[in-house]
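# Show me how the following folds:
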Amino acid sequence: MKKVVLSLTVMFLFACHIMAQTSVLKGTVTDELDGSPIPGVSVFVKGTTVGTVSTPDGSYTLNVPADASTIVFSFVGMQTSEVAYSGQSTINMALKSESMDVDEVVVVAYGTAKKSSFTGSAATVKGDNIAKMQTSSVTQALAGTAAGLQVAGTGQPGSDASIRIRGIGSINAASSPLIVVDGVPYTGTISSINPQDIESLSVLKDAASAALYGSRAANGVVMITTKKGKQGKMQVNFDSRVGVNSLGVPMYDVMEDPGEYYLKSWEALGTQLGDRTLASQRLLSELGGYNAYGSSITQIVSPDGVLTDAPYLYNDNWFDEMFSRGIRQEYNLNFSGANDQTKYFMSLGYLNDEGIVANTGYERISTRANIEHNVTDWFQVGTNISYSRGIQSQPRATGSSNFSNPFMFAQNIAPIYPVFVYDGNGDRQYSDSGELLYDFGSGKGHDMGKRPWGANTNPASSSQTDLNETLNDNLSTRTFLKFDIYDGLSFTSNLGYDVRNRLNTTFYSPLHGDAQNVNGRSYKYSYRYETTTFNQLLNYNKSFGKHTISALTGHESYGYTMNYLMASKVQFLDPKNHELNNGAVMNDMGSYTNEHSIESYLGQLTYDYGGKYYFSASIRRDGSSKFHPDNRWGNFWSVGGSWRINQESFLADVDWLDNLKLKSSYGVQGNDGILDNAGNVVYTPYMDLYNVINVDNKPALSLYYKGNPDLTWETSHNFNIGVEMSAYRNRLNVEFEYFVRNTYDLLFNNPVPNSTGIAYVPENIADMVNKGIDFTVGGDLIRRGGFTWNMSLNATHYKNEITRLPEDKREDGIIRGSKILQEGGSIYDFYMVKYAGVDATNGDALYWMKSTDAEGNITWERTNDYDDALATSREVVGTSLPDLIGGVSTSLNYKGFDLFVQTAFQIGGKVYDSSYAGMMSSGRAGANWHADIHNSWTPENTNTNVPRVEYGYQEANQQSDRFLTDASYFNIRNITLGYTFKPQLLNQMNIQSLRIYMAADNVALFSKRKGLDPRQFFDGSTEYKYNAVRTMSLGLNVTF
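Numbering: from 1, shown residues only. So this is what the prediction gives:
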C-alpha cells in the first residue's frame, strides 16, 4: 500500500511540475478589415516547433512553454504579426492584409525609405514571388511584375535577360539599368546570384529615387537586397524542387513530309526551267541526290505532277533528334537567426538545369554568409560574402545565318534529308567502332549526297562532339562599419569588391563539320573582371516636434579592371581533347586590359513636416575616366516633393480612405556608357585607338577607332508626377504616374564618308524624349472566412521621339538596316518598302514605288522591280514600340492551400519576322518552306498575296512590310499551387513548417504566329535564339 501511495504522489508531483512548465493561451484570430474569423492561421511560439492552428471560428488554444517570449501569427496572404508574451492567458489578433501598406519600406539609393514619405517612383518585387519562378537568373523572373519594366531574353539556361526601365533612353550608349546589390553597384553576372537568397528587389524609375547614383543611373536602377537573419532562435530551411524542361514555344509550322517537299520543289524547278518534264528529270540532282524513296525510284514526281506512291526509305525527324526534355534540379539550404547583438543568414544552393538541346544547360553551386554584429551600442559591423561557380553549356552557334545553330537548322532543313546514314535497305549505318553515322551532306565519305543547303553540317551530331562551355567563378563581398556618433549623427563606410573569372572553351571537332579541313579548331577565352566600390557616408536624422530632417553627405570611389586573353589552335591529334596542347598549329592569339574609374561626391536632404508634406533634394558630382580631363566632371541632381492629402483635416471624416498622396520630382542623371557599332563598351572614346599590324615583318599601326576629345556626358532630364491611393484598409491600392524623360547630348556614333577610312566618329549630337504613364492597381478581391483572393495589374504606355539630329542628317535621317533615325520619328520606326501584293497574271511579287512629276505631285504605282522601289520609295511603315506592356498576378489562399499565377502581356507594336520571311522564299534548293507556301500563286490560284515559287527568283521575299507582324502577346509566366500542413501535425517531428507545391513556368505563350516569340528582343527583330523553356516541377519546403 505504501508503494501505491508513493507512486501516486510521484505522479501527482510530476504532473504539477509539467503544469508549472506550460501555460494555456487562448484567443481568436480575425480579419482586421471586417472582423470575420480566420481559420487555418498558424499560431506558434517563436523559435520553437510548439504551435497550433485556428479553428473554423478563428479560435485557438496553445500550450506555451515557460520560457516563451514571443507568439507568432502567420497566414498566407496576411501580414505576419508577433506579440510579446509574458504569461497572458488570452491574446486576440486582428491580421492585416499583405497588400500594399503606406508604411512599407522601400530600398532606395544609400538607404531605405517609408513608402508614405517617399517622393520618388519605385516598384518593389517581393523575394517570395521571385523564388516561385524557376529561373537561374532573377532577371528572367521580372517580366510582368512591375510597371515600366520591360524584359527580353531567351531560354538558354544560365543566361541573364535584358532589362529596360521606361523605354530605351539612348541610341549608341548603354540602355541597361544600374544593378545594385546590398547597397553597392554590381557588375557580375546576375545568374550568379541565387534567387532564393533575395529578400526583395526594387526598381527605381525616376530622378528622385535614382539621381543619387549620378552618372550611372540614367537608365534607372535595380536594387537587389539579399536576406538577413531575423530576431529569434536559429531556423533551418530546406527547399527542394525537381522538374522537367521542355520546349516552351512551338516551332514554326514548316513542312515535315518529304513527299510534300518534293512536290513543291518540283513546282519551283519547273517554273524556273519552264519545262516540267526536265524538272522531273533534274529534281534529284538539284536537291543533292537525296532520294527518300530509295535508288529504285528514279522519278519522284512525274511531268504531270504526280508524286510516287513508294514507301519511304527513311523519314528522320530533325526536331526529335536535336531536342529533348531536360531534368531541372534545385536544392537550397539556409540557416538564419538573430539576437540583440548578431544577425546571421547563411545559405548553400545547388542548381542543375539541363537544356532542351543535347549538352546544353547550366550548373551552379552558390553560397552566402550575411552577418551583422553590434560590437557596442554605438559601433556596428557587417559583412555579406557570396561565392558561386557556374558552368554554362550553349549551342556552338546562334543567329540566323549559322548552320550550326540547332534552332535555325531544324526549322530550315528540308525533310528529305536524313539525320543519319542509311543503306539501300533503309538500315542505319554504324562506324567500325559501333557508333551511329550521321549524314553531313558534304558529298564525301559516308554522306549520302551533297546538300545544296547546309552542306557539311549536322547539329544533331556536332552538339555531342563540339563544345561551347563557359565557366564563371564569382566572388562578391559587401563589408560595412557604422558608428553612431551623437544624437542622430552616424558615419558609415562601405566596401564592395566583386571579382569574376570567366573561361570559355569553344571546340570544333576535326571529325566533321566546318573545322574538318583544318583537322579541328579550339578557342580559349579568359576574362577577369574586378570592381571595387568604396564609400564613406555621414548621416544625420533628427525630429523637432512636427519637423523631421535627414541629411546625407559622402564620397565614393569606383574602379573597374578587365583582363582579356585568348588563344586558338588548329590541327588536333586527339579528336576528343579540346586543350590547346593537343593542337599543333597556332591559329590566333591576343590580349588586352580595359580600365575605368569614377570618383564621386554626393549629398542628400529630406524633410518631413507633420507626416503630411515631404521634400527631398540630392546632388552628385561624378568624374569619369571615359572622357577627356577637360570634360570629365558632371553634376547630377534631383528635387522632389509629396503631399499626403488624406492627412488634411478636410478629409478626416473619410473613413474609407487610408492614403492619398500627390508626388512629383525632377532631376538630371548621366550616362557615360558609349558603345561601338558592335555593341561593345568603349573605355577611352576620347582617344584614337589603333591595332598593331604586321607590315614586312615589322610592327605598324592601323587606326580602327577615331576618338573625340570633346565628348562628354549624355544627360537625362526626368520629370515625374503621380498619385497614390489606398482605400478600405488597404484593400484597394492604386498608383498612377506620368513621366517625361528627355535625353540630351546623346552619345552618338555619327557616320562619316568612307573616304575617311573610318565608319563613324563619336559625338554628342542628338536629343530624344520618352514620355508616358505607369499604372498599377491591386488589392484583395475577397477577404473572408480565411479565404483571400488578391490580384494586381500593372501597365505602361509610352512614346519615343527623336527631337534633334545633326544638321547634315536632318533632311534624310540615318538609315540603320530596317530602321531609320529622323527628327520627329522614333528609334523604333521601321523604314521599308511597302508590299503591293502579287501580279495575278504571272505571280510576280509587287512593291509600291513612288514617283514625283515636274510639279512635285507624288503618285504611287506597283512595280515588280524591288531594287527600284528600295532606292526611291521606302517609308516609315510601323513601329516596334508597343502600345501597352504590363502584367497581371493573382494569389488565392484557403485552409493551407495557396495558388499563385503571374502573367505578362504586350499589346501593339510590330516585329519583323525575318525567320518567317526566310521560310517564304520562292525556293532555295534544300531549304524548307513554311506551310503557308501552299498558298503561293499558281495559274489555278491567282487570288493570293504569296508570290509564285521559282528557284532563283529573288524578289519574292525581299524585306518589306509584308513580314511585319503584330507583336502582341499574352504569356502565362508561372503557376504555383501549394499546400502548407497544419502545425499540430508537425510538432512531434520538430518541424515548424512544411509545404509541398507544384510549379509550372512559361506555361503558354499566345502570339500572332505559331513559332513567333516577340519577347526575345526590344527592337522588333527575330533571330533563331534559344527557344523559351517550359518547366514543370514538384517541390518541398520545410523549416525546422
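
# so what's the spatially most central residue of the chain up against?
Taking Cα atoms, centre = their mean, the centroid of the chain lies closest to residue 161, which sits 2.5 Å from it. Residues near residue 161 by Cβ atoms under 8 Å, 6 or more residues apart in numbering: 137, 139, 140, 142, 143, 151, 152, 153. To be clear about C-beta, it is placed using only N, CA and C from the backbone, and glycine gets the same treatment.

# Quick check: the residue nearest to residue 654 when sequence neighbours are not counted vs residue 902, distance?
The spatial neighbour of residue 654 that comes closest, neighbours along the chain excluded (Cβ to Cβ, 6 or more residues apart in numbering), is residue 646 at 7.2 Å. Separation of residue 646 from residue 902 (Cβ to Cβ, to the nearest Å) stands at 31 Å.

# quick revisit: now the residue nearest to the centre of the chain: phi and psi?
phi -80, psi 160 (degrees, to the nearest 10).

# got a pLDDT number for it?
Residue 161 is assigned a pLDDT of 93 by the prediction.

# Residue 271 too?
Per-residue confidence (pLDDT) for residue 271: 95.

# Can you show me the helices along the stretch 451-600 of the chain?
For the stretch 451-600 of the chain, the helices defined by DSSP state H, counting those that start in this stretch cover 459-465.

# Figure out how far the host helix or strand of residue 778 is from the centre of its chain.
With elements taken from DSSP states H and E, the one containing residue 778 is strand 767-784. Centroid separation between strand 767-784 and its chain, computed with Cα atoms, centre = their mean, to the nearest Å, is 20 Å.

# Parallel or antiparallel, list what pairs with it.
strand 732-744 (antiparallel), strand 787-804 (antiparallel) (DSSP bridges).

# Give the buried residues for it.
767-776, 778-780, 783 (16 or more other Cβ atoms under 10 Å).

# okay, who's weakest in the residues you listed by pLDDT?
residue 783 (84).

# That one contacts residue 31, correct?
Yes. When contacts are counted by Cβ atoms under 8 Å, residue 783 is listed as touching residue 31 (5.6 Å).

# Quick one: the strands in the stretch 751-900 of the chain, in order.
For the stretch 751-900 of the chain, the strands defined by DSSP state E, counting those that start in this stretch occupy 760-764, 767-784, 787-804, 814-816, 819-821, 829-832, 835-838, 845-852, 858-863, 875-879, 884-894, 897-907.

# tell me the mean pLDDT for the fourth one?
Across strand 814-816, the average pLDDT comes to 90.

# do the same with the fifth one
Per-region confidence: strand 819-821 scores 94 on mean pLDDT.

# Need the residues that contact it.
171, 766, 802, 805, 809, 813-814, 827-831, 874, 876, 1019.

# Which of those residues sits closest to residue 336?
Taking Cβ to Cβ as the measure, residue 336 lies nearest residue 1019 of the contacts of strand 819-821, at 43.1 Å.

# So what's the residue count around the nearest residue to the closest one once chain neighbours are set aside?
Among residues not flanking residue 1019 along the chain, residue 880 sits closest, at 5.6 Å (Cβ to Cβ, 6+ apart). By other Cβ atoms under 10 Å, 24 other residues sit near residue 880.
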